[in-house]
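Engineer: Build me a structure from this.
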Amino acid sequence: CFPALLALYKREKSCLRGTTLKVTMNARSFGKSSLLRMPSRLLSTQADHEMLHHSRIPTMHFQDSLPKLPIPALTDTIKRFLYFAEPLVSANELEEARQAALAFQAREGPLLQHQLIENDRNQYSSFISAPWFDLYLRDRAPLLLNYNPQLTFRDEAGPRGQSQPDRAARFVYAAATFMRTLEAGLLEPDIFHTNPARSKHPMWPEVMRLLPRGFAFYGAALTGAFPLDMSQYANLLRSTRVPFPEADKLATYKKSRHIVVQRGGRFWAVDVLDADGGTVPVQQLGNAMQAIIAHADAPRHQAGRDVSATDVGLLTSLPRDEWAAHRHALQNCAPQNAHTLQAIDSALFLVCLESTAPESHADINRCMLHGDGVDRWLDKSFQLIVTANGKVGLNFEHSWGDGVAVLRFCTEVTAAAESLAGMETSGIYSQSAVPTELCWSLSAPLLEVVVDAAKRFRRTIASTDLSIIESDTLTNPLVKKYKLSPDGMMQMAFQLAHMKMHGHSVSTYESASTSAFKHGRTETIRSATRESADFCEAFCNRHASQSERAAKMRKAVQNHTRITRDALTGKGMDRHLFALRNLAMTEENMGRSSKLPSIFESTAYKTLSNIIISTSTLNSDVLVNGGFGPTSSECYAVGYGILDHACGASVMSYGRDSSGFTDCLTKAMQEMRDVMMAEN
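Structural biologist: I've put the predicted structure just below:
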């Protein structure tokens, strides 16, 4: 296939000889939804050196031709529903679920499936995209812990790596460079390469760029390269979530040139792009950061002033309807408040200059996940957090996107920031880099709201416990040596840890990206299965032989690989059932019946929906820490990774003995390692 495409390129090249081929990007590159549009301008020639790279293939070249997320057959989803429910419910509850599933398959299911297919046929996007956005934006729970995760970047060696203003300036400059490259259509497309000998051939991009946009994906796939969805990048920068009663909205801004920096509860706007679209020099950004730190930390002589007047960021941690009402009052309280809110909303992103200097993994995790709540604005697409000792992390709002886009951003920006490590951040300000303080004027009732928000924030954080482990018990090379999946081994270790601690299997979530499909989001990998339960029982049975344990461990890990593959390729269960339930709840369908189909009211469905072990991993050389909060009072939130030299996990819960869980996890991994290494 590749020689044929190469011949096409050579033929087109001969026709184009003597002409200039211009590549541009338009709004359609991001899809037809108004939420997924970006500016189409190319950057000026003078600023070309500020790009991360110059991709020969336009960034969104493959987007229109990506395949849509397939809708599974109803019978397949019903089988999966019963399969995943079996280890979690009693025999009577499983029989109830089986009868409800059969009734659904015979009555309401086919009609809802037909509606779903017909609706999908008329959409540019995937069947899950709109209702998934709606799910996030209608949820009235606080963003704090429930939705916003954190990622911590690797440290830099040497004194420059501990300089807060220096490192902040370089990451800001790198992020602006990423944005410029993206908006110019010069960011390399996200592609999964299965045959690099072909798809990383120097001629490959020259051939691909000549393929029509409506066909380009299939041309790439013929060579073993699979482009990924990039629609989420539209909300990565210049974007925010805005609270409204009943349902929030995502807002994007096309012309903003500034970031907003927080320190000590106060806010400053700093232009990072000049009037011509060029990036402000990194030296001047460093000076701006230094000036903000000095100004924020200087003694203040305002007698009688309540310090909570500057702690408005705490309001973003409130339940969404409450925050919507308070934001409306705040905006109408004084003209300067409306101006400040507009500046925050339209900023490229936020930078939080922390006054603390965390050192331990636990302290760093908590700092990046929630901090003291004052120097945070949880609505923003992402906040870049830089501590007093130069640690850098990212906290992002989850409704707009998932890990694939964020990880790409982290990888590119870290490399770009580190490449600037030799530059001095001292010199003279240009007018573009002078910080402008953004002010608030709070009424007495709003001051009381801020004080109350601070108390509620502290109570929430105090109710959590966090435990972090790092170990070389399981590593990528070791596990692969025994022909087992590293991720599967970690997931089975979580199952065994819970069995050791609580004596039973529970509903478990692992995130799988469906970015191989147009506007794909995530699917659930349900790690708790019959096979995982059998594996746990064997390891908890002191009479089981080593060979029996080894066989059941291998079977459980291999089965986990199978269900992971299903989830990644659009053959999961959860999103399909979610879409069917969403349709059943429409006014049209509720008019036919006053209640939901019994499958959605069954104990099995409710048990599956109540996630007890929520897990997520983003393995990357640029990340050293990551975490998120528990989604309920029963939940263990487990951020984990397994690398070439070690594995680790951070576990947070609401008083469910997280350290007890990590103790059991440590034992589980050691027992699994011993059994694995004892195999012939």
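Engineer: partner residues bridging the residue nearest to Ala649 when sequence neighbours are not counted?
Structural biologist: Residue nearest to Ala649 in three dimensions, not counting chain neighbours: Tyr640, with 4.0 Å by CB to CB, 6 or more residues apart in numbering. Where you see a C-beta, it was placed from the backbone N, CA and C, and this is true even at glycine. Taking DSSP bridges as the rule, Tyr640 bridges to Thr617, Ala649.
Engineer: give the contact list for Tyr640.
Structural biologist: Met490, Phe494, Thr615, Ser616, Thr617, Cys647, Gly648, Ala649, Ser650 (CB atoms under 8 Å, 6 or more residues apart in numbering).
Engineer: And the third one, how close does it get to Val638?
Structural biologist: Relative to Val638, Thr615 is positioned 4 Å away (CB to CB, to the nearest Å).
Engineer: Overlap in contacts, the two.
Structural biologist: With CB under 8 Å, 6+ apart, Thr615 and Val638 have common neighbours Phe494.
Engineer: Next, count neighbours for Arg170.
Structural biologist: Arg170 has 27 neighbours, counted by other CB atoms under 10 Å.
Engineer: State the helix or strand in which it lies.
Structural biologist: helix 164-183 (DSSP states H and E).
Engineer: Need the contact partners of the one helix or strand Ala604 maps to.
Structural biologist: Here Ala604, judged by DSSP H and E, is contained in helix 603-609. By CB under 8 Å, 6+ apart, the residues outside helix 603-609 that reach it are 81-82, 84-85, 88-89, 93-94, 96-97, 100, 507, 526, 577, 599.
Engineer: Which one of those is nearest to Asp190?
Structural biologist: Arg526 (26.2 Å; CB to CB).
Engineer: Now do Val434 against Leu348, distance only.
Structural biologist: Applying CB to CB to Val434 and Leu348 gives a distance of 17 Å.
Engineer: Look at the two and report which has more neighbours.
Structural biologist: Neighbour totals were compared for Val434 and Leu348, and Leu348 leads with 25 against 15 (other CB under 10 Å).
Engineer: backbone phi and psi for that one, please?
Structural biologist: When read as degrees, to the nearest 10, the backbone of Leu348 gives phi -60, psi -40.
Engineer: outside of the host helix or strand of Asn395, which residues touch it?
Structural biologist: Assigned by DSSP H and E, Asn395 belongs to strand 392-396. With contact meaning CB under 8 Å, 6+ apart, strand 392-396 is reached by 148-153, 167-168, 171, 364, 367-369, 376, 378, 381-386, 406, 410, 625.
Engineer: Quick one: work out the angle between that strand and helix 164-183.
Structural biologist: 50 degrees (axes from the mean of the first three to the mean of the last three CA atoms, to 10 degrees).
Engineer: tell me the mean pLDDT for strand 392-396?
Structural biologist: The pLDDT scores in strand 392-396 average 98.
Engineer: OK, contacts around Ala405?
Structural biologist: Counting by CB under 8 Å, 6+ apart, Ala405 has contacts Met230, Gln232, Tyr233, Leu236.
Engineer: Kindly recompute the last result at 6 Å.
Structural biologist: By CB atoms under 6 Å, 6 or more residues apart in numbering, Ala405 lies in contact with Gln232, Tyr233.
Engineer: How about the secondary structure of it?
Structural biologist: Secondary structure state of Ala405, per DSSP: H, G, I helix; E, B strand; the rest coil, is helix.
Engineer: What pairs with the strand holding Asn395, parallel or antiparallel?
Structural biologist: Counting by DSSP bridges, strand 392-396 is paired with strand 150-153 (antiparallel), strand 382-386 (antiparallel).
Engineer: Turn those strands into TSV, including mean pLDDT and distance to Leu250.
Structural biologist: Putting the strands paired with strand 392-396 into TSV (pLDDT from 0 to 100; distance: least, CB to CB, whole Å) gives the following:
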stretch	mean pLDDT	distance to Leu250
strand 150-153	97	21
strand 382-386	98	13
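Engineer: now those strands as CSV including distance to Cys536 and mean neighbour count?
Structural biologist: Shown next, in CSV, are the strands paired with strand 392-396 (distance: least, CB to CB, whole Å; neighbours: other CB atoms under 10 Å):
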stretch, distance to Cys536, mean neighbour count
strand 150-153, 30, 26
strand 382-386, 38, 25
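Engineer: Nearest to Ala291 among those would be which one?
Structural biologist: strand 382-386 (15.0 Å).
Engineer: what's the neighbour count on Tyr253?
Structural biologist: There are 15 residues near Tyr253, going by other CB under 10 Å.
Engineer: Surely it and Ser346 touch.
Structural biologist: Yes: using CB atoms under 6 Å, Tyr253 makes contact with Ser346 at a distance of 4.0 Å.
Engineer: and stretch 373-383, how far apart are its ends?
Structural biologist: 12 Å (CA to CA, to the nearest Å).
Engineer: Many thanks, we can stop here.
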